[in-house]
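In: take a look and give me a structure for this.
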Amino acid sequence: MKSELKHRPKLPKLPPPDELKRYLKGFDFFERHVQGQWEGDLYVETHATRFYETLRFLPDLPPNPRILELGAIPYYFTILLRRFVEAHPDTLSFFEFEKSDSATHAVENRDFGERYEFAYRPLNIETEVFPFADSSFDLVLCCEVLEHLLINPSHTLYESHRVLRPDGHILITTPNALRWDNLFAMVRGDNIYDRYHGNGIYGRHNREYSTGEVAELLKANGFEVERLETRSVYRKFLDVFAGRRDNIFALARAVGDAKAGFPENLYVLMDEYRNAARSSFTMGVDDVGQIGRGWYDVEVAESSFRWSQQAAQFYLRNNGGTKVVMRARCAHPDLEHSRVTVTLTVNGDTIGAATLSDHSWTNLTFELGPTAAATILNCEIAISSTWTPSRAISSTDSRQLGIAVNRIWLD
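Out: This next block holds a predicted model:
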């Protein structure tokens, strides 16, 4: 069922950026938790106009909206959402996930008599599953985060889609790779890549995007773009040339089921990528990072699947399950005379075998036993026999096919 979006009530008057600067400089996050108040003042001077434009870019929301803010630290935009949208966002930290002194962060503004406490939820949003149920939020905010991701922004967008209610929105802001500053730098002979950063591998801008790339990434991951534009939030010169403004602002709606898509001009060799973030996955939906060698390209009939070769690898994150279950079928033409046996090895130990006796989709179940104690289950299936379509039927398909697999999960 699609969520019913209602126009939010008239908001309190949003002050201009200069007033936002004065207000936000009164908060003491940087004094409490980072280098000092001077860094907080610099942060506000740099980002206040972007905050202002982001608030103006918000979609219509229902009363008491549920919002997830990725990379919320230092919580200044979170505070603006509380004050001007009457929302209380859930927050996730990002490149600060390595350590923290407490489970909450306190932020205070003595001049305005305001004090907030925010739950500190450290998470690597491009490798870990978000700690929220499906269809939990009306809006996901991904502001100045995308450019910091190092390997797999599609995982972040998949998880964002998963936790959004049907027709919920994601709002992305990210630096425009084609902005005037970059073009002028290249004309001068300067390097446009970001400097190395003391905050670690996620502190720097690892990959900036064009508007077309942001649109392509959103579409590939199950979003329908509703608004996409650039805005000048740091410098105002030559503002008339829209495609060269500082920042990209994208608002997109979650449509259909969550899926992880990998546009070819943004990704290469993702079949080599290993990130067993899930205890279940579906071929062609969220299998990248969860499968290894031995699989052919995704196909779609009634549902998506991959054919295996005679041996194929996959990986699962252990959620405490005791069984590996695989939805599979075979298409061997001589199945009546020779059944197909699938043997499963987990972390080097053979744990069992299952038999396919007809061509229908079947759930193959394997008991884990003592192997269930491992955090990551490195799994390999071995198929007793393969078949080649070009030898059995009128076909040019010369692949040696094992079994077709739709989904694998721990039970």
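In: my guess is Ile170 meets Cys142, correct?
Out: Yes - Ile170 lies in contact with Cys142 (CB atoms under 8 Å); the separation is 6.2 Å. No exception for glycine: its C-beta is placed from N, CA and C like everyone else's.
In: identify the contacts common to the two.
Out: Counting by CB atoms under 8 Å, 6 or more residues apart in numbering, the residues touching both Ile170 and Cys142 are Ser160.
In: from the chain's centre, how far out does the helix or strand Arg115 falls within sit?
Out: Taking DSSP states H and E as the criterion, Arg115 maps to strand 114-119. Strand 114-119 sits 27 Å away from the centroid of its parent chain (CA atoms, centre = their mean, to the nearest Å).
In: any idea of the mean pLDDT for that strand?
Out: Averaged over strand 114-119, pLDDT sits at 91.
In: put the alpha carbons of that strand into PDB.
Out: Output of strand 114-119 as PDB, limited to C-alpha atoms (Å, rounded to 0.1, in the frame of the first residue of the first chain):
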ATOM      1  CA  GLU A 114      18.700  25.100  23.700                       C
ATOM      2  CA  ARG A 115      20.300  21.700  24.500                       C
ATOM      3  CA  TYR A 116      20.000  18.500  22.500                       C
ATOM      4  CA  GLU A 117      21.100  14.900  22.900                       C
ATOM      5  CA  PHE A 118      21.500  12.700  19.800                       C
ATOM      6  CA  ALA A 119      21.900   8.900  19.700                       C
END
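In: for that strand, packing partners?
Out: helix 76-84, strand 90-92, strand 104-109 (3 or more CB pairs under 8 Å, 6 or more residues apart in numbering; DSSP states H and E).
In: what's in contact with the second one?
Out: This means strand 90-92. 66-73, 75, 78, 118-119, 121, 123, 125, 130, 132, 137.
In: partners of it in the sheet?
Out: Using DSSP bridges, strand 90-92 pairs in its sheet with strand 67-70 (parallel).
In: circling back to that earlier point, need the contact partners of the strand holding Arg115.
Out: 27, 72, 75, 78-79, 82, 90-91, 103-109.
In: need the helix or strand of the chain with the lowest average pLDDT.
Out: helix 389-392 (a mean of 82; mean pLDDT, DSSP states H and E).
In: how about the CA coordinates for that one, as PDB?
Out: Provided in PDB are the C-alpha atoms of helix 389-392 (Å, rounded to 0.1, in the frame of the first residue of the first chain):
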ATOM      1  CA  PRO A 389      22.000 -26.300 -24.200                       C
ATOM      2  CA  SER A 390      23.600 -26.400 -27.700                       C
ATOM      3  CA  ARG A 391      24.100 -30.200 -27.400                       C
ATOM      4  CA  ALA A 392      20.600 -30.900 -26.000                       C
END
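In: name the residues that touch it?
Out: By CB under 8 Å, 6+ apart, helix 389-392 touches 333, 395-399, 401.
In: try it again at 7 Å.
Out: Residues from elsewhere that reach helix 389-392, judged by CB atoms under 7 Å, 6 or more residues apart in numbering: 333, 395-398.
In: go on, stretch 139-156?
Out: Outside stretch 139-156, the residues touching it (CB under 7 Å, 6+ apart) are 54, 59, 61, 65, 67-71, 77, 94-95, 125-127, 160, 163-164, 168-175, 201-202, 205-209, 217, 221, 260-262, 273, 275.
In: show the buried residues in those.
Out: Neighbour counting by 16 or more other CB atoms under 10 Å classes 54, 59, 61, 65, 67-71, 77, 94-95, 125-127, 160, 163-164, 168-175, 202, 205-209, 217, 221, 260-262, 275 among these as buried.
In: can you flag which of those belong to helices?
Out: 54, 77, 160, 163, 217 (DSSP state H).
In: can you name the two of the residues you listed that are farthest apart?
Out: Spanning the widest gap among those are Phe77 and Leu217, at 22.1 Å by CB to CB.
In: what's the domain layout of the chain?
Out: 17-254, 270-410 (automatic domain parsing).
In: centroid-nearest residue for this protein?
Out: Residue closest to the average C-alpha location in the chain (CA atoms, centre = their mean): Thr156, at 0.9 Å.
In: of the ones in helices among the buried ones among the contacts of stretch 139-156, closest to Val324?
Out: Val163 (26.1 Å).
In: tell me how far the closest one lies from Phe184.
Out: As defined by CB to CB, to the nearest Å, Val163 lies at a distance of 40 Å from Phe184.
In: the stretch 251-400 of the chain: strands as residue ranges?
Out: 280-282, 299-300, 304-307, 311-317, 323-329, 340-346, 349-356, 362-367, 376-383 (DSSP state E, counting those that start in this stretch).
In: so which of these is nearest His47?
Out: Comparing the strands of the stretch 251-400 of the chain by CB to CB, strand 311-317 comes nearest, at 35.5 Å.
In: tell me the mean pLDDT over stretch 215-224?
Out: 96.
In: also stretch 263-283?
Out: Stretch 263-283 comes out at a mean pLDDT of 91.
In: next: stretch 168-187.
Out: pLDDT averaged over stretch 168-187 gives 91.
In: show me just the buried residues among the contacts of helix 389-392.
Out: So, by 16+ other CB under 10 Å, none of the contacts of helix 389-392 is buried.
In: out of these, who's nearest Ser384?
Out: Pro333 (14.9 Å).
In: which ones are touching Arg204?
Out: Arg204 neighbours (CB under 7 Å, 6+ apart): 194-197.
In: could you redo the last one with a cut-off of 10 Å?
Out: When contacts are counted by CB atoms under 10 Å, 6 or more residues apart in numbering, Arg204 is found next to 95, 147-148, 150, 193-198.
In: any idea how far it lies from Pro175?
Out: Arg204 is 12 Å from Pro175, by CB to CB.
In: do Ala311 as well
Out: Relative to Pro175, and taking CB to CB, Ala311 is found at 45 Å.
In: same question, Glu147
Out: For Glu147, the distance to Pro175 - CB to CB - is 6 Å.
In: from the centre of the chain, give me the residue that's furthest out.
Out: Most peripheral residue of the chain (CA atoms, centre = their mean): His337, 46.5 Å.
In: is the residue lying closest to Ala404 once chain neighbours are set aside bridged to anything, and to what?
Out: Leaving aside its sequence neighbours, Ala404 sits nearest to Phe305 (CB to CB, 6 or more residues apart in numbering; 4.7 Å). For Phe305, the beta-bridge partners are Glu299 (DSSP bridges).
In: contacting residues for Phe305?
Out: 282-284, 296, 298-299, 327-329, 361, 403-407.
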